[in-house]
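K.L.:
Here you go, sequence then predicted model.
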Amino acid sequence: MTKKDDNELVYEVIHGSISSFEVLVDRYQKTIFNMMFRMVGDYETAKDLTQDVFVKAFEKMGGFNFKFRFFSWIYRIAVNEAINWNRKRPTTESIDRTESWLVDKEVPDRIEEKSNLLHLELRKLEADYRVLVLLKYYCNMTYEEIAETTHIPVKKVRSRLFIAREQLRKGLIAKGFFEYD
């Protein structure tokens, strides 16, 4: 049996096939969850938001434009959900709590410590920059795919990613991220 492409599955969902929607969920659930987790920093919230993304995708499937790719369309829904959630929550929440967790923790493995520091600095980025970093480096999207997903011109994607990387680099240097190299 050949693997159906996303547009075939979307077409089938629009025409009533729940099993085709399940295939799309299986195909993208882990990626959407990982992006959500990195955007919101909380496992349970990421699970809830991931579920919300797929509910919204199912509800809006009839309006899907077949000239676009499905993954760009659903990532855009996910990005919007994460940004909306981040706007609604208090801004001083988890960074301080996470930093104290790092300090109180017994001497962590270097890789785990670096991962935690990187995660902290990612969380400090403005949501618009964080989304681009996640799409580029965690979802392995090209600049063109990011532009399609975010509806931002490729040139602006490149410049914002440059700014985001510089902010990350400065924050990581200040935290001693590169001292172990």
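P.N.:
Structure received. Residues are numbered from 1 along each chain as shown.
K.L.:
Where does the prediction get shaky in this structure?
P.N.:
For the chain, applying pLDDT under 70 flags the ranges 1, 90-115, 179-181.
K.L.:
count of residues packed around residue 24?
P.N.:
Residues lying near residue 24 (other C-beta atoms under 10 Å) number 22. From N, CA and C alone the C-beta is placed, and that goes for glycine too.
K.L.:
Break the chain down into its domains, please.
P.N.:
Taking automatic domain parsing as the reference, the chain has its domains at 1-89, 91-181.
K.L.:
The helix or strand encompassing residue 130: what's the following helix or strand?
P.N.:
Assigned by DSSP states H and E, residue 130 falls within helix 127-133. Later in the chain than helix 127-133, the nearest helix or strand by DSSP H and E is helix 143-150.
K.L.:
For residue 32, give me its contacts.
P.N.:
50, 53, 54, 74, 75, 78 (C-beta atoms under 8 Å, 6 or more residues apart in numbering).
K.L.:
Among the residues you listed, which one has the most neighbours?
P.N.:
residue 78 leads the contacts of residue 32 on contacts (other C-beta under 10 Å) with 29 neighbours.
K.L.:
just checking, it touches residue 33?
P.N.:
No - counting by C-beta atoms under 8 Å, residue 78 sits too far from residue 33 to count as a contact (9.2 Å).
K.L.:
anything in contact with each of the two?
P.N.:
Counting by C-beta under 8 Å, 6+ apart, the shared contacts of residue 78 and residue 33 are residue 50.
K.L.:
what separates the residue nearest in space to the middle of the chain from residue 75, distance-wise?
P.N.:
A centroid search over the chain (C-alpha atoms, centre = their mean) returns residue 35, at 2.6 Å, as the residue closest to the centre. Look at residue 35 and residue 75: by C-beta to C-beta, to the nearest Å, they are 7 Å apart.
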